[in-house]
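S.K.: here is the input, now give the coordinates:
(2 chains)
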Amino acid sequence: MGRKLLLDKAHIEGIRYYDTYRANGGYAAAEKALKSMGPEAVVEEVKKSGLRGRGGAGFPTGLKWSFIAKPEGVPRYLVCNADESEPGTFKDRYLMEFIPHLLVEGLLISSFALGANRAYIYIRGEYAWIPDILEQAIAEAKNKGWLGKNILGTGYDLEIFVQRGAGAYICGEETALLESLEGKRGNPRIKPPFPAVKGLWGCPTVVNNVETIAAVVPIVNIGGDEYIKFGIGKSTGTKLISACGNINKPGVYEIEMNISVEEFIYSDEYCGGIKGGKRLKACIPGGSSVPVLPANLLLKTAKGETRMMTYESLNDGGFATGSMLGSGGFIVMDEDQCIVRNTLTFARFYHHESCGQCSPCREGTGWMKKVLHNIEYGKGKMSDIDLLWDIQRKIEGNTICPLGDAAAWPVAAAIRHFRDEFEWHVKHPDEALTRNFGLAHYADPLPAPAPAAV
Amino acid sequence: MAEEKKLFKVKIDNISVEVEPGTTILNAARSIGGDVVPPAMCYYSKLQGSGGKCRTCLVKVTKGSEADPRPMPKLVASCRTTVMDGMEVANITSPEVQEARKGVVEFLLLNHPLDCPVCDQAGECDLQNLSYEHGAEATRYEFKRRTFDKIDIGDKIQLHMTRCILCYRCVFTADQLTEKREHGVLGRGDASEISTYIHQSLDNNFIGNVIDVCPVGALTDKTFRFKNRVWFLKPVDAHRQCEDPKCCGKTVLWMRGDEVFRVTARKDKYGEVEDFICDTCRFDKKEKSDWIIEGPRKIDRHSVISQGHYVNTVKPKDPLVEVLDGRQPKLLFDIHSTSEVNRPEIDLSKIEGPAHSDDFNK
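M.R.: Residues are numbered from 1 along each chain as shown, chains lettered A, B, ... in the order given. All right, here's what the predicted structure looks like:
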């Protein structure tokens, strides 16, 4: 049974409310941080923990915090990125909905560490019911003296505000989020300057994901040294994974970052194996923007080692043989799934969500979608596959923000690993239209199903 | 003794230059000049916050600085990236940059109609020049092009959104130069469009400058449209004492004979306006007598409008004289004495809209 740090109290009835949360050890970390540690010690503890940003990029949180500029007389801000819009990713929703006080406590500790007197939670518009839950938790915390003026008599003040987004994926990009928070169109800013120097209202700002901020609570509680023991190498602690697709038990799981991908997929504790006993075909391990991995590269790395649920292991060999842990949106596909159709679905999404500011993303995402549409609907040519490859190559790395990469990577990986499936679509346009898609055209057999329990 | 300012040493395409800290790679390249200068479709040195959007100025930083020599992992927008001491940049020497730029040109041309023969910007269009230098000979795009409904934004400026490449220059111009926010970008992704708020008109006295900053033919001068091609016109520097204190009154008159066809601000060799001018100078002063002519304007560009104009032109030797053993060719007849097409009393620049045969039959 895996140990938990974030969801260990999620099963307790009424944990959403302050009294239950407090009665079960809530706000002890905040008390410890404010009364006995001080801001520098909190930052040091987070650095020691090796916590990496849980929003997708995996940048070391302590390091990010230490970048924040500290000019005299200028306010600093902490912004919680709750604009969770990546297809396949729904882990923050669970955390905010069921244990909102964990986020509030995390925000209190993090803001204290950064010297910020205002924190904002920017939440995606589609999570229509969650802002009320958060606002209630904030109000409860304020009533009990955890927010407002002179918290715990330490002289520290903090206010937390919840801001609802209008439902644009691009607002999950930190600088677009700041633009939106300022009331402007959610277009990404050109970096540098980075938010740590010039962020919200032109002031030093740290933008952290919900899970990252929540993870600060157990780090303060148990200490950075203990937190490290929950993972391997530079992937420390626990990670929330939102698992979906053709698995027996979709849902949000907290894993220690020391388990294998095979265990995660086939163990009864987590995904419970592939639905209907079918064979595993592919998996997108970190949300729709990361490269898809075929089954033969999913369970073993290119070096033949066991693939682990860690940042390093999933990226082993780069994109040629690896992928990314990303935001932890784990999408599993069985043998009946069509890669071309899936890729088209994602391409549609990224085309729709492109802000239109820079030309490669604005024009390229739409072009990719149209070419994919032709291939999927039996109107493609062989040259279209190379064309697709070329378009994604010209988008990747050439855009203002990572949305261009997010649009390009899935297409690149799909062609790299499943080119024969694209060719099959071109060669069999009628079947592609009316198919009950199987794997009969595959020359290489897929790995046999793993046992139900590992 | 004044403290000496420390300069940063930068190498662009193996050419060294020293620039002040805070200078962008693009401006460092401009201080060298020539082929190492990356193209820029959205950057405009006179407009704050512009640049970074079109991605045509991407370059490769092969060495970050003396302190941190690691190369930058991705290509960077040279117009928004400042130099570091010891930085080394590859522009025309990097096949990766050239390939990326070719890709950007292809993206820009996906939905930009190639209607140069009828576009009023032909001859002075940055995208036209860019595609000559970096474009492919054919398009690979097989889908229906994006088009937009025509929007009336006033009596002086024509918005042809179908040609727009969303460089945002005009938005920055309206924001920073005029007294109120005139227009902006609506929609998202490839459905984005420049528009006014609920079809209002652009009526500020400096709004005409959006025409000058537009790199393509999306915003054109309604008082000039279809009157003439720019390469048939003679650009001359002129000035007048403008009543608007914000206007410099220094312009370029585009003339044919004594007719003033259009008035624009003066642009530098990168096609950027030197000083913005008011709408009165631009649209209302179309008589030669309104202006004090200074002399021919040097068009320091590789564009078609610089062809055949004034500077360093060498008249080719007439081969007929050699063929005819030194005799001059005989003039058989003078077309102007027999044709009724050219009517000197008709001023083309004063005709409303494009000239029509009816105009000559009046």
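
S.K.: low-confidence bits of the chain, can you list those?
M.R.: Just going to use chain A. Within chain A, the stretches with pLDDT under 70 are A:434-454.

S.K.: not quite, go with chain B.
M.R.: B:1-3, B:198-199, B:300-314, B:336, B:340-342.

S.K.: check which helix or strand covers the residue of it found nearest chain A.
M.R.: Closest approach between chain B and chain A, counting by C-beta to the nearest C-beta: residue B:103, at 3.2 Å. For glycine as for every other residue, the C-beta is placed from the backbone atoms N, C-alpha and C. Assessed by DSSP states H and E, residue B:103 sits inside helix B:95-110.

S.K.: elements contacting that helix?
M.R.: Counting contacts by 3 or more C-beta pairs under 8 Å, 6 or more residues apart in numbering or on different chains; DSSP states H and E, helix B:95-110 packs against helix A:359-376, helix A:382-395, strand B:58-63, helix B:126-134.

S.K.: kindly recompute the last result at 6 Å.
M.R.: Contact analysis of helix B:95-110 by 3 or more C-beta pairs under 6 Å, 6 or more residues apart in numbering or on different chains; DSSP states H and E lists helix A:359-376, strand B:58-63, helix B:126-134 as its packing neighbours.

S.K.: wait, residue A:209 touches residue A:56, no?
M.R.: No. Applying C-beta atoms under 6 Å as the test, residue A:209 and residue A:56 come out as separate, 7.8 Å apart.

S.K.: which residue does chain A have closest to chain B?
M.R.: residue A:394 (3.2 Å).

S.K.: ok, that residue to residue B:89 distance?
M.R.: Distance of residue A:394 to residue B:89, given as C-beta to C-beta, to the nearest Å: 21 Å.

S.K.: neighbour count: the two, which is higher?
M.R.: Between residue A:394 and residue B:89, counted using other C-beta atoms under 10 Å in any protein chain shown, the more crowded position is residue B:89 (29 against 24).

S.K.: residues near residue A:184, how many?
M.R.: 10.

S.K.: now stretch B:146-166: buried residues?
M.R.: Under the neighbour-count criterion of 16 or more other C-beta atoms under 10 Å in any protein chain shown, stretch B:146-166 has B:146, B:148, B:151, B:153-154, B:156-166 buried.

S.K.: and the contacts of that stretch?
M.R.: Outside of stretch B:146-166, the residues within contact range by C-beta atoms under 6 Å, 6 or more residues apart in numbering or on different chains are B:108, B:111-112, B:192-194, B:196, B:201-203, B:216-220, B:222, B:283.

S.K.: what separates that stretch from the chain centre, distance-wise?
M.R.: 17 Å (C-alpha atoms, centre = their mean, to the nearest Å).

S.K.: how long is it from one end to the other?
M.R.: End-to-end span of stretch B:146-166 (C-alpha to C-alpha, to the nearest Å): 13 Å.

S.K.: and the stretch 151-300 of chain B, which of its residues are near chain A?
M.R.: B:188-190, B:192 (C-beta under 6 Å from any C-beta of the partner chain).

S.K.: of these, which is the most crowded?
M.R.: The most crowded member of these is residue B:190, carrying 22 neighbours; neighbours defined as other C-beta under 10 Å.

S.K.: residue contacts, that one?
M.R.: A:362, A:366.

S.K.: repeat the analysis, applying 7 Å as the threshold.
M.R.: By C-beta atoms under 7 Å, 6 or more residues apart in numbering or on different chains, residue B:190 lies in contact with A:356, A:362-363, A:366, B:146.

S.K.: wait, which of those is closest to residue A:16?
M.R.: residue A:356 (39.3 Å; C-beta to C-beta).

S.K.: what's the closest non-adjacent residue to that closest one?
M.R.: Closest residue to residue A:356 apart from its sequence neighbours, by C-beta to C-beta, 6 or more residues apart in numbering or on different chains: residue B:192 at 3.6 Å.
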